[in-house]
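J.: Show me the folded form of this:
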Amino acid sequence: MRRSARGALLLALTLLEHGCATSRPSRAPRGRSDLLTAEEIGGGKWANAYDAIQALRGRWLQSRGPDTILGVQGEVQVRVDDMRMGGVAALRNIPAVDVAYAQFIDPTTAAARWGPGHAHGAIYVSTHR
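T.: Model (predicted):
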């Protein structure tokens with residue numbers, strides 16, 4: 001009797017597990033929130049990198065609080081092929097079709113890679129050369 005109860009319990013758990021696994025909706029894997037590829041940007045949908053990033057990863061363009069105790073407001077820095085271009089307005093000078101990929105670099109990583117002045121992070125843009 002005890003074996004059949006154990007077997008029935010094992011069978012019930014197996015069926016329950018299989019039923020739950022097959023009833024889950026399938027989802028496509030999500031892209032990385034810190035990366036924007038040329039495929040996502042698409043050809044000619046946006047005029048420049050700023051418009052594409054604003055539409056697809058708008059959070060990247062937002063500064064997060066003051067840089068200093070005095071309340072000086074900074075902004076996210078833009079790097080294009082490792083050259084510092086300035087703030088996010090520089091993205092308006094990059095045609096969207098020229099972008100191979102864009103990546104948001106968090107403030108700590110950006111400061112370690114390029115030095116001070118990246119308190120709000122950086123948007124690194126790699127272009128088709």
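J.: three-state assignment of residue 74?
T.: Three-state call for residue 74 (DSSP: H, G, I helix; E, B strand; the rest coil): coil.
J.: mind checking how far it is from residue 94?
T.: Shown here: residue 74 relative to residue 94, a distance of 21 Å by CB to CB, to the nearest Å. Every C-beta, even on glycine, is put in place using the N, C-alpha and C of the backbone.
J.: now residue 82
T.: Applying CB to CB, the value for residue 82 to residue 94 is 14 Å.
J.: Out of the two, name the residue with the larger neighbour count.
T.: Between residue 82 and residue 94, counted using other CB atoms under 10 Å, residue 94 has the larger neighbour count: 20 against 10.
J.: thinking the more buried one is in contact with residue 127, fair?
T.: Yes - with contact defined as CB atoms under 8 Å, residue 94 reaches residue 127; the gap is 7.0 Å.
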